[in-house]
Every structure is written in C-alpha cells, then in structure tokens.
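[1] task: produce atomic coordinates for the following.
(4 chains)
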There are 2 protein chains.
Amino acid sequence: MTTTAARRDRQREQLIEAAERTIAEKGLAGLKARELAQEIGCALGAIYNLVRDMDELVLRVGSRTLARLDEALGHASQGALAAAPEDAAGRLVAIALAYSAFARENPRLWRTLFEHRMVEGAEVPDWAVAEQMQLFRHIMAPLAALLPEAGEPQRLLLGRTLFSAVHGVVAIGLEEKLVAVPRRELDHQIETLVRLVCAGLAADTTLIR
Amino acid sequence: MTTTAARRDRQREQLIEAAERTIAEKGLAGLKARELAQEIGCALGAIYNLVRDMDELVLRVGSRTLARLDEALGHASQGALAAAPEDAAGRLVAIALAYSAFARENPRLWRTLFEHRMVEGAEVPDWAVAEQMQLFRHIMAPLAALLPEAGEPQRLLLGRTLFSAVHGVVAIGLEEKLVAVPRRELDHQIETLVRLVCAGLAADTTLIR
DNA sequence: GTGAAATTTTGAACGATGTTCATGACCGAG
DNA sequence: CTCGGTCATGAACATCGTTCAAAATTTCAC
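    This next block holds a predicted model:
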C-alpha cells in the first residue's frame, strides 16, 4: 500500500527529473509549469504541493547538476593522481579540463547553475551554498601539495581565484553559440592559464602572502 | 520646427536613458514596458515605434555601458602608462582593477551585459559584437610589450584568456550580494591572478606557443 | 463497514508581462 | 483648406507563475 506521502515523494522525483530534461533540452527559459504538469500527469496547481515554487524546482535541478559535476571533477582528479602522483599542477589542469568538458557536454544545465537568480529578497538555502563549497575540495588538495608552506587561508583564497578564473574562460568561451569555440582551442586556453599560474607560483612565491 | 523624425529620435533617446536608469536601480528584471511608457510620457504601443522590441532596448543600454567601461579601462591604462612606462604587467593589473571597480560601481548595468540572453534564434547584431571586441585593445597593447616575440594570434588568444579569467573572478566575487566581498580582498585576488600569469610568462615562455 | 473530518487534487481565475492591431488623431504637401 | 498617408493610442491577446474555493479522495474513529 502506497501511503500518500510516499506517492508525493515519488511524484516530486518525477517532477525534478522532468524539469531536468526540459532544461537540458530547451534551457531555463523553456521551463513552463503547465508543460511539467502535463508531463508528469498532474494538475497545474499540484506542482505547488510538490515544490514551493519554480525557484525551488530550479534549485533542486541545480543540486543534481552540481552532484554530477562533483563526480566528474573527482574522477578527473583521481585519474591524474594515478597517472602522475607527483604532478600537482597536472592534476589542477585535469580538473580544469574536466570542468570545461562538463560545461560543454551539459551546456544548458551548467548555465542554469549561474543564470538563475533568486526572486528579489529570497535567499539561497544553506544546503545549496554548502554544495557549492564542496566543489572546492578537489582544487584544494593539489594546491596543498603545490604550496606546502602557504597558510590555509591563503590557499583557500587562491583556490577560489583559480576556480573563478577557469570558470570565466569557460563561460566566455562557450558564450557565442553560433561560432562554437573548437574544443581543442578552449582546452588549450584553459591549460595555458592553469600552467601559467602554476609557473608563476613556482617562480615567485612572494606573490602569495 | 521639429520634424516628426527628429522628435522620434529624441524620444528614443529618452527611452534608452529611462531604461538605463531603471536597470541601474532595479536590475534587468525590473524593466517593464508599461513603466517605461509612463516615464517617457507615451502610450504603451509607441515604444515599438522607437525600438523593435525589449531585446533591442536592452542591447542599446548595453552599448552605453560598454562605452563607459571602455572609457574607464582607457583611463586606467593611460594612468598606469604615465606612472610607469616600462611596467607592462602593472598596466595589465591597472586595467584589471579598473574592470573590477567598474563592475562594483555599476553592478546591475554590468551584469546586464552578460545576463541578457537573446530570445531563441535571434542573433546579436554585428555592431554589438564589434563593440565587445573593442575592449580587447586595452589588453593587447601591454601584452605586446610583454611578449614582443610571440605572434599576434598567440597574443590575441592570451588576451582573450586573461580577460575571461579576470571577468570570472569579478563575476563570482560579486555573486553573493549579502556577504559582500570586501573591495580590498577582491582587488587583491585580481592583482594576484594577473601577476601570477605575468610571472609565469616571464618564467617559461614555452607555455605560449 | 460507515460516515464524518481532514487532506489533497483540481483547473478556473487572477495579476503580470511583452507584443499586436484596428481605430482615430494628426501632419504635411498641393 | 483638404485629403492621403503616417503615427500614436490603449484595449485586446497570448503567456507566464501563482492562488484558491470547490470537488474528490483518503483517513480514522466507532
């Protein structure tokens, strides 16, 4: 016997999956409450029993995307560690390239992570913020190997900066949809950026204080 | 005597300025056709005689923002050049910091430059693309001084990468509105990033090929 | 098992919003 | 002055997300 709560949970899952498919296919702007209701076979108003509003739905899709991204970065980091345990810079490059690959392969879902703005006044829930912070741990490990003498706060700051910089290259690189940036070229830009920063770190450690 | 066309041009200017003020105050989401019509004193439908649609209006506001940004970067570059003509890296840092300052001082207008997505299928007009490319010239000059031996294509690629990287740090740094990143900290991250890349370039020119 | 109470589902209705279009005012040339 | 075309007008339309009173369903005590 299926209790009401269990069925609602199942339907909520269906809703989130339908929303994920829709965003992946048509982008965030293509997400319509009425279409979702029809797709999961419920009334329009029922959606608001499964989810507070569309914002929460988008946030939950973002949570799934973030989990997949986290997994991709973890695999890349692990692979690079196995291939060259000493090469911390290479591991950073591998993570950055994995980030780029994920963005390229999931363009609309990835975009949604940043495109989505909360309605005025509403705050991002704590669990969403915590998830985003989790991503940094992949960067922090190689960074600690690269800068054993720097303090943790300095490393955190640098990790954040490095992530943001790579993100910027990917974001602007994938912007112009028509003249799609060739994968090779974008990946080369990213690798160059990360290696330049690492070379800079090796050349002049006083830049990190 | 004011011909009809002249009055329409004047009203179009009013419309763009009103839209600019609105976006600066309330953000892109706060831009409503009906409010604009009331503000410039015309009927709702008249807006569509001044502008094809809201997309074009936002693009025109973006054009003004881009012009002011271009001016700010030019001033910063010029100032740094006068202060230390030899220090190309310092000029890059000055430009990056000016970019950060502009974004911080014009958060909603700056955001609109990137937030805005064309409706499906519509393409960004050529004049808008050309304007964006203009920005790069500020970066290219110091880069040429820094890498006299590199080819122009390599320099262009690196300039684009550097711009994107700094943009990423600013974009993510200004993201969380509540826990506003202190100006000092953000500027320090940016300067660190640019100096690290410059140090990397000096240490290992083979990274740019 | 039954009936009442509580809960959930329903979809019409509401309030916004961008855009269009018949209508009527207005302008300018002859 | 007049008339033909141009332009302004705002009601109407198509979509949205969201709400809510009513209907349907489930729950539960007896």
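[2] tell me which helix or strand in chain A has the weakest average pLDDT.
    One helix or strand of chain A scores below all others by mean pLDDT, DSSP states H and E: helix A:126-134, with a mean of 80.
[3] buried sites along it?
    A:Glu131 (16 or more other Cβ atoms under 10 Å in any protein chain shown). Placement of C-beta: from N, CA and C, glycine included.
[4] what's the helix or strand following that helix in contact with?
    Remark: after helix A:126-134, the chain's next helix or strand is helix A:136-146, criterion DSSP states H and E. With Cβ atoms under 8 Å, 6 or more residues apart in numbering or on different chains as the test, helix A:136-146 has contacts from A:70, A:73-74, A:77, A:88-89, A:91-92, A:95, A:155-156, A:158-160, A:162-163, A:198, A:201.
[5] again, only this time at 10 Å
    A:69-70, A:72-74, A:76-78, A:80-81, A:85-96, A:98-99, A:150, A:152, A:154-156, A:158-160, A:162-163, A:166, A:197-198, A:201-202 (Cβ atoms under 10 Å, 6 or more residues apart in numbering or on different chains).
[6] buried sites along the helix or strand just after it?
    Going down the chain from helix A:136-146, the next helix or strand is helix A:152-173, by DSSP H and E. The neighbour-count check on helix A:152-173 (16+ other Cβ under 10 Å) flags A:155, A:157-173 as buried.
[7] which other helices and strands does helix A:152-173 contact?
    helix A:88-105, helix A:107-115, helix A:136-146, helix A:183-203, helix B:152-173, helix B:183-203 (3 or more Cβ pairs under 10 Å, 6 or more residues apart in numbering or on different chains; DSSP states H and E).
[8] how much space separates A:Arg160 from DNA strand D?
    Separation of A:Arg160 from DNA strand D (Cβ to the nearest atom of the strand, to the nearest Å): 32 Å.
[9] and what of A:Glu20?
    Using Cβ to the nearest atom of the strand, A:Glu20 is found at 15 Å from DNA strand D.
[10] repeat that for A:Leu97.
    Taking Cβ to the nearest atom of the strand, one finds A:Leu97 at 35 Å from DNA strand D.
[11] can you pull the contacts of that residue?
    A:Leu97 makes contact with A:Ala76, A:Ala80, A:Val166, A:Leu186, A:Asp187, A:His188, A:Ile190, A:Glu191, A:Val194, according to Cβ under 10 Å, 6+ apart.
[12] how about A:Arg68?
    Shown in contact with A:Arg68 (Cβ under 10 Å, 6+ apart): A:Phe102, A:Asn106, A:Leu109, A:Trp110.
[13] just the buried members of the contacts of helix A:136-146?
    Buried members of the contacts of helix A:136-146, scored by 16+ other Cβ under 10 Å, are A:69-70, A:72-73, A:76-77, A:80-81, A:87-96, A:98-99, A:150, A:155, A:158-160, A:162-163, A:166, A:197-198, A:201.
[14] alright, I will stop here.
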